[in-house]
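Q: From the sequence below, what's the structure:
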Amino acid sequence: LYNLGQALVRYGEYEEAIEWFERAMVKAYAMNATSSVNIVSIQHNIGHCCYRMGRYEEAMRCYHRALVSVCELGLSELDLAASLNCIAVLYFHNSTAEIDKATEMFKKSLTIRRKVLGSLHPSVATVLNNIGRIHYLRNQYDDALVVYQEALLIRRKVLEKGHIDVAATIYNTGQTHHQRGELDEAMALYDEFLQMAKSRLGSEHRDIAIMYKCVAQIHQERGDY
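A: Residues are numbered from 1 along each chain as shown. Prediction:
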């Protein structure tokens, strides 16, 4: 039941996926499997489906139930970090008034992941990237740059060359340099992103067009007509 739900998620059939996840939840409780991490995984997946459909309040309730389950069942710190991260993402997208809550949750998740997984881990970089985005949207470009650079360092070390997550953080770091008026640094990162993204996404991808616009803007700011 759970695997079928996951398969439906991959095809974007979120409503139907929820039905199968809920059946899996009923079966898990009937089998007295509440000590299993499966309960939390199901709750996360239902929350994710609601999130993808724009039903943020339902998603938040699912993620909070997952957080309660993690605490009640005494699951691992990584399960706690995952629940905190899900809630933080929702706070981040729900309302600018709740960005402080999102930041707090992301930082708690980051602390746990660093403690359990070490500093050089992809999931640590993912949370750093989320924190960097918050700083960027708040125009806190100095703070954003520090966090993005740390995330990029980790991703360069632990992911394969050309990985799309590396490219994404290169893009974010380049944007931040651009906002700081550091045009040479921004251009170097934009060029690197284009080389990576073209091979991964194809030259017609929307992100490529956006990047060419950023490059053109730098040329304009430099007076390179």
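
Q: Over to residue 120. Which of the three states is it?
A: coil (DSSP: H, G, I helix; E, B strand; the rest coil).

Q: How about the contacts made by it?
A: Neighbouring residues of residue 120 by CB atoms under 8 Å, 6 or more residues apart in numbering: 154, 157-158. (Each C-beta comes from the backbone N, C-alpha and C, glycine too.)

Q: Just these: which are in strands?
A: Among the contacts of residue 120, no member falls in strands (DSSP state E).

Q: ok, of those, which come out buried?
A: residue 154 (16 or more other CB atoms under 10 Å).

Q: list the contacts for residue 63?
A: By CB under 8 Å, 6+ apart, the contact list for residue 63 reads 43-44, 47, 83, 86-87, 90.

Q: ditto for residue 27
A: Contact analysis of residue 27 by CB under 8 Å, 6+ apart lists residue 1.

Q: Check the gap between it and residue 73 for me.
A: According to CB to CB, to the nearest Å, residue 27 stands 17 Å off from residue 73.

Q: Could you do residue 108 as well?
A: In this view, residue 108 and residue 73 are 19 Å apart by CB to CB.

Q: More neighbours: these two, which one.
A: residue 108 (17 against 14; other CB atoms under 10 Å).

Q: Is the more buried one in contact with residue 84, as I believe?
A: Yes: between residue 108 and residue 84 there is a contact at 5.2 Å, judged by CB atoms under 8 Å.

Q: Output stretch 67-86 in PDB with nothing but the alpha carbons.
A: C-alpha atoms of stretch 67-86 as PDB (Å, rounded to 0.1, in the frame of the first residue of the first chain):
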ATOM      1  CA  LEU A  67       6.600  15.400  14.900                       C
ATOM      2  CA  VAL A  68       4.400  14.200  17.800                       C
ATOM      3  CA  SER A  69       4.800  10.600  16.600                       C
ATOM      4  CA  VAL A  70       8.600  11.000  16.500                       C
ATOM      5  CA  CYS A  71       8.600  12.200  20.100                       C
ATOM      6  CA  GLU A  72       6.100   9.700  21.400                       C
ATOM      7  CA  LEU A  73       7.800   6.700  19.700                       C
ATOM      8  CA  GLY A  74      11.300   7.800  20.700                       C
ATOM      9  CA  LEU A  75      12.500   7.700  17.100                       C
ATOM     10  CA  SER A  76      15.900   8.900  16.000                       C
ATOM     11  CA  GLU A  77      17.200  12.400  16.000                       C
ATOM     12  CA  LEU A  78      17.300  12.300  12.200                       C
ATOM     13  CA  ASP A  79      13.500  11.600  12.100                       C
ATOM     14  CA  LEU A  80      13.100  14.600  14.400                       C
ATOM     15  CA  ALA A  81      15.300  16.700  12.000                       C
ATOM     16  CA  ALA A  82      13.200  15.600   9.000                       C
ATOM     17  CA  SER A  83      10.000  16.600  10.700                       C
ATOM     18  CA  LEU A  84      11.400  20.000  11.700                       C
ATOM     19  CA  ASN A  85      12.600  20.600   8.100                       C
ATOM     20  CA  CYS A  86       9.200  19.800   6.600                       C
END
